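Peer 1: would you be able to build a 3D model of this:
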Amino acid sequence: MRRTDITDSNRRRFVLGAIRAVAAVGIPGRILDSPWNVFAAEETASPEDMATVAELSQVFRSDDRDVMKLVTDAYLQCIVNKIHPPDPPLEHEWIAPGGGYYAQWLWDTTFVVDLLSILPREERVIREVFQNYWDFQRRWNQVKPNFMHGMIANFIAPFDGNQYFPGKEWRTFPAFSQAPLLAWGMERVYLRNHDVELVRRGLHALEQFHEWYWRERDVTNCGLIGVGSYSGNVQQARFETYDHEVDLDGLKLTPHPGRKPGPENGAWYGDILIPANTSYLLLSEASLGRMAEVAGDLEMAKRRRKRYSTGEEAMRMHMWSEKHRCFLAVKRDSMAQIESPTVGSFVPLMAQIPTRGQAEKMAESLESRAWATKLPIPTVATTNPNFQSSTFWRGDAWPAPSFQVATGLMSYGLISAANRIADAWVGNAIKVGISERYDSLSGAPLGVRGLGMSATIVTMMIDGLTDKYQLRCTSSH
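Peer 2: Have a look, this model is predicted:
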């Protein structure tokens with residue numbers, strides 16, 4: 001049962017519908033007498049929550065009560081309560097991360113719709129969530145010069161959002177994007193619910209977005225991606241990736257090195273190229289190519305494969321470090337490596353960039369003292385002088401990147417390495433709950449409780465990355 005805002009105007013209708021849904025699946029009797037009764041005896045569960053639990057009981061199976069409770073917590077805290085009704089300029093239902101983040105983010109939302117798509121009858125709302133991105137792109141293209149066309153912003157805020165995210169200023173803020181995972185997120189949805197219409201609606205806008213990324217972030221046409229911001233603000237450029245990661249400490253913004261000086265060539269382009277966002281774009285290129293084939297656009301598929309191949313070759317040539325056994329950021333103008341590995345140095349595994357030999361060395365590196373923290377993977381190696389286990393992107397641990405690295409390890413058949421990461425995350429979440437990020441040495445929760453994308457802790461089980469904790473998905477999509 002998907003839940004939107006329960007306002008005075010729709011509460012009675014919603015609650016009655018939820019009660020009918022509860023009755024339809026034999027609740028409360030079967031649920032209250034089963035391991036799916038995850039509510040404490042002193043709690044009075046709302047009809048909305050009971051309806052959600054009823055639906056989850058039809059989709060997921062586990063013999064472990066703690067696992068079932070974690071699944072319920074993830075869907076109640078991170079997913080169904082994060083869906084909002086239209087709020088101009090967002091003309092469709094949209095998803096917020098949680099906490100004070102009142103807008104629809106690009107990166108966060110992909111992980112939420114992936115899990116939402118497992119539930120039945122959610123095709124419409126997922127189409128609407130993606131349509132918000134295409135609507136923003138259309139508005140942006142109408143007011144910007146040609147070279148800026150195609151961008152989708154870091155987030156899309158309602159006009160009446162809070163003071164930190166002023167939606168009314170969308171023409172000037174945010175003037176930057178975010179990790180380009182939209183095509184990957186759309187393909188994940190398609191693979192779960194087979195919504196071909198979702199794919200068809202998004203293909204053209206996605207290709208525009210990808211071409212913007214190559215044009216505005218691969219400014220030397222070498223096949224490697226940097227960060228930037230049309231505001232000229234260096235920290236806002238860092239927001240396109242892991243906000244405060246150490247390999248961007250020396251970042252500078254310059255005019256585009258391949259364009260003539262002038263008012264349309266400000267100091268907007270970063271002079272450091274990074275493995276994380278390059279990998280994310282290549283991962284999405286592979287997804288876009290496959291979806292183009294599904295939609296019958298073989299020429300688009302060919303274009304996307306060519307982009308992928310160029311980036312794959314460039315990453316292996318310039319970013320691989322035999323010394324650190326992972327991929328490193330490089331300086332844009334010299335290709336000199338920056339010897340500060342981060343969790344992003346291992347994301348290329350998910351995009352299938354490393355050779356088999358390189359992947360094995362990356363797995364060995366993750367088992368070393370530098371990376372094998374109690375809750376892996378720290379956002380920077382423990383041997384780095386900047387490491388602090390609870391500091392934002394400078395030693396803490398985040399669910400989503402850890403899920404991505406574990407997925408990459410599994411794709412190379414490095415099963416025990418993937419299991420170690422995923423089991424640690426699930427076990428820790430069972431003990432301390434779902435949060436935005438965690439102390440990598442103690443596992444203590446940090447940041448926003450129930451942040452949307454942190455539900456990837458459950459995705460680890462659904463995708464078979466765990467060994468100790470088992471969860472079966474019985475969705476009939």
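Peer 1: drop to CA atoms for contacts and neighbour counts, all remaining ones
Peer 2: Noted.
Peer 1: let's test this: name the helix or strand in the chain with the lowest mean pLDDT.
Peer 2: For the chain, counting by mean pLDDT, DSSP states H and E, helix 11-24 ranks last in confidence among helices and strands (a mean of 36).
Peer 1: low-confidence stretches in the protein?
Peer 2: Applying pLDDT under 70 to the chain flags the ranges 1-45, 476-477.
Peer 1: tell me where it has strands.
Peer 2: In the chain, the strands defined using DSSP state E lie at 60-61, 83-84, 94-95, 104-105, 155-156, 226-228, 253-254, 269-273, 320-321, 326-327, 330-331, 435-438, 445-449, 472-473.
Peer 1: could you pull out the helices in the stretch 351-477 of the chain for me?
Peer 2: For the stretch 351-477 of the chain, the helices defined by DSSP state H, counting those that start in this stretch occupy 356-366, 399-411, 415-432, 456-462.
Peer 1: in CSV: those helices, plus distance to Glu211.
Peer 2: Output for the helices of the stretch 351-477 of the chain, formatted as CSV (distance: least, CA to CA, whole Å):
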stretch, distance to Glu211
helix 356-366, 29
helix 399-411, 24
helix 415-432, 33
helix 456-462, 28
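Peer 1: wait, which of those helices is closest to Val59?
Peer 2: Among the helices of the stretch 351-477 of the chain, the nearest to Val59 by CA to CA is helix 456-462 (11.1 Å).
Peer 1: buried residues, stretch 456-475. List them.
Peer 2: 456-462, 464-466, 469-471 (16 or more other CA atoms under 10 Å).
Peer 1: also stretch 302-313?
Peer 2: Residues of stretch 302-313 classed as buried by neighbour count (16+ other CA under 10 Å): Arg304, Arg305, Arg307, Tyr308, Gly311, Glu312, Glu313.
Peer 1: sorry, back to before: tell me which of the strands of the chain approaches Val246 most closely.
Peer 2: strand 269-273 (11.8 Å).
Peer 1: once you drop chain neighbours, what's closest to Met315?
Peer 2: Leu224 (6.9 Å; CA to CA, 6 or more residues apart in numbering).
Peer 1: hmm, I was thinking of Glu91
Peer 2: Closest residue to Glu91 apart from its sequence neighbours, by CA to CA, 6+ apart: Asn132 at 7.0 Å.
Peer 1: swap in Ala295?
Peer 2: Arg200 (6.3 Å).
Peer 1: okay, now that neighbour: neighbour count?
Peer 2: Residues near Arg200, counting by other CA atoms under 10 Å, number 15.
Peer 1: repeat that for Gly408.
Peer 2: Other residues near Gly408 come to 23 when the count uses other CA under 10 Å.
Peer 1: from what I see, it and Leu349 are in contact.
Peer 2: Yes. With contact defined as CA atoms under 8 Å, Gly408 reaches Leu349; the gap is 4.4 Å.
Peer 1: only the buried residues of stretch 124-137, if you could.
Peer 2: For stretch 124-137, burial by neighbour count (16+ other CA under 10 Å) applies to 125-137.
Peer 1: contacts for that stretch, please.
Peer 2: Under the contact criterion CA atoms under 8 Å, 6 or more residues apart in numbering, stretch 124-137 has outside partners 90-95, 113, 116-117, 149-153, 156, 198, 202, 205.
Peer 1: distance between it and the chain's centre?
Peer 2: 16 Å (CA atoms, centre = their mean, to the nearest Å).
Peer 1: give me the number of residues near the residue nearest to Ser442 when sequence neighbours are not counted?
Peer 2: Distances taken as CA to CA, 6+ apart put Lys374 closest to Ser442, at 6.6 Å, once the chain neighbours are dropped. Neighbours of Lys374 under the rule other CA under 10 Å: 17.
Peer 1: shouldn't Lys374 be in contact with Ala444?
Peer 2: No. Lys374 lies out of contact with Ala444 (CA under 8 Å); the separation is 10.6 Å.
Peer 1: before we move on, the earlier item: how about the buried residues of stretch 302-313 in JSON lines, adding distance to Ser287?
Peer 2: Listed next are the buried residues of stretch 302-313 as JSON lines, based on distance: CA to CA, whole Å:
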{"residue": "Arg304", "distance to Ser287": "9"}
{"residue": "Arg305", "distance to Ser287": "10"}
{"residue": "Arg307", "distance to Ser287": "12"}
{"residue": "Tyr308", "distance to Ser287": "10"}
{"residue": "Gly311", "distance to Ser287": "15"}
{"residue": "Glu312", "distance to Ser287": "15"}
{"residue": "Glu313", "distance to Ser287": "18"}
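Peer 1: out of these, which sit inside helices?
Peer 2: Assigned to helices by DSSP state H, the following of the buried residues of stretch 302-313 qualify: Arg304, Arg305, Arg307, Tyr308, Gly311, Glu312, Glu313.
Peer 1: so which of the residues you listed comes closest to Asn428?
Peer 2: Glu312 (34.6 Å).
Peer 1: ok, the closest residue in space to that closest one that isn't next to it in sequence to Ser309 distance?
Peer 2: Nearest residue to Glu312 in three dimensions, chain neighbours excluded: Ile353, at 5.7 Å (CA to CA, 6+ apart). To Ser309, Ile353 is 10 Å away according to CA to CA, to the nearest Å.
Peer 1: ditto for Pro354
Peer 2: Going from Pro354 to Ser309 by CA to CA gives 12 Å.
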